[in-house]
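Peer 1: Turn this into a model:
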Amino acid sequence: MVHVRKSLATVMAAAFLGLSACATDPDSGRRGAGEFTSDAALTAKVKTAIASDVGAGTAANINVQSYKGEVQLSGFVASADEARRAVQAANNVNGVQAVRNDVRVK
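Peer 2: Coordinates of the predicted model:
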């Protein structure tokens, strides 16, 4: 019985320590679960905006990554106009603070 209590206490302590690791220190540079979800949602919004404004084919060729409101676009498109329009579509999404354009013309 004592052994079971010690095991249970060990498991509870490990769970507590694991959950406390989910809360991130704002100065650490790491994302917490909420920030990760917000970044994923922003990425999806930007990808949808590019598909709507420039076309699904262009959106399929552009990789979108978000981190704390900053969006990076990369990939290859058929023309400079498509690249420009993709950046413009990304900039128009609510929540985007900056866009880094690494899209290249084929």
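Peer 1: average pLDDT across whichever strand or helix holds Ala41?
Peer 2: Using DSSP states H and E, Ala41 maps to helix 33-53. On average, the pLDDT along helix 33-53 is 87.
Peer 1: what mean pLDDT does stretch 78-98 have?
Peer 2: pLDDT averaged over stretch 78-98 gives 97.
Peer 1: Please report the separation between the first and final residues of it.
Peer 2: 24 Å (Cα to Cα, to the nearest Å).
Peer 1: got it, and stretch 60-76?
Peer 2: Stretch 60-76 end-to-end distance (Cα to Cα) = 10 Å.
Peer 1: In that stretch, which residues are buried?
Peer 2: Asn61, Ile62, Val64, Ser66, Val71, Gln72, Leu73, Gly75 (16 or more other Cβ atoms under 10 Å). Placement of C-beta: from N, CA and C, glycine included.
Peer 1: what two of the residues you listed have the greatest distance between them?
Peer 2: Of all pairs drawn from the buried residues of stretch 60-76, the one with the longest distance (Cβ to Cβ) is Asn61 and Ser66, at 18.0 Å.
Peer 1: before we move on, the earlier item: is it possible to get JSON lines of the buried residues of stretch 60-76 that adds secondary structure?
Peer 2: Formatted as JSON lines, the buried residues of stretch 60-76 follow (DSSP: H, G, I helix; E, B strand; the rest coil):
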{"residue": "Asn61", "secondary structure": "helix"}
{"residue": "Ile62", "secondary structure": "strand"}
{"residue": "Val64", "secondary structure": "strand"}
{"residue": "Ser66", "secondary structure": "strand"}
{"residue": "Val71", "secondary structure": "strand"}
{"residue": "Gln72", "secondary structure": "strand"}
{"residue": "Leu73", "secondary structure": "strand"}
{"residue": "Gly75", "secondary structure": "strand"}
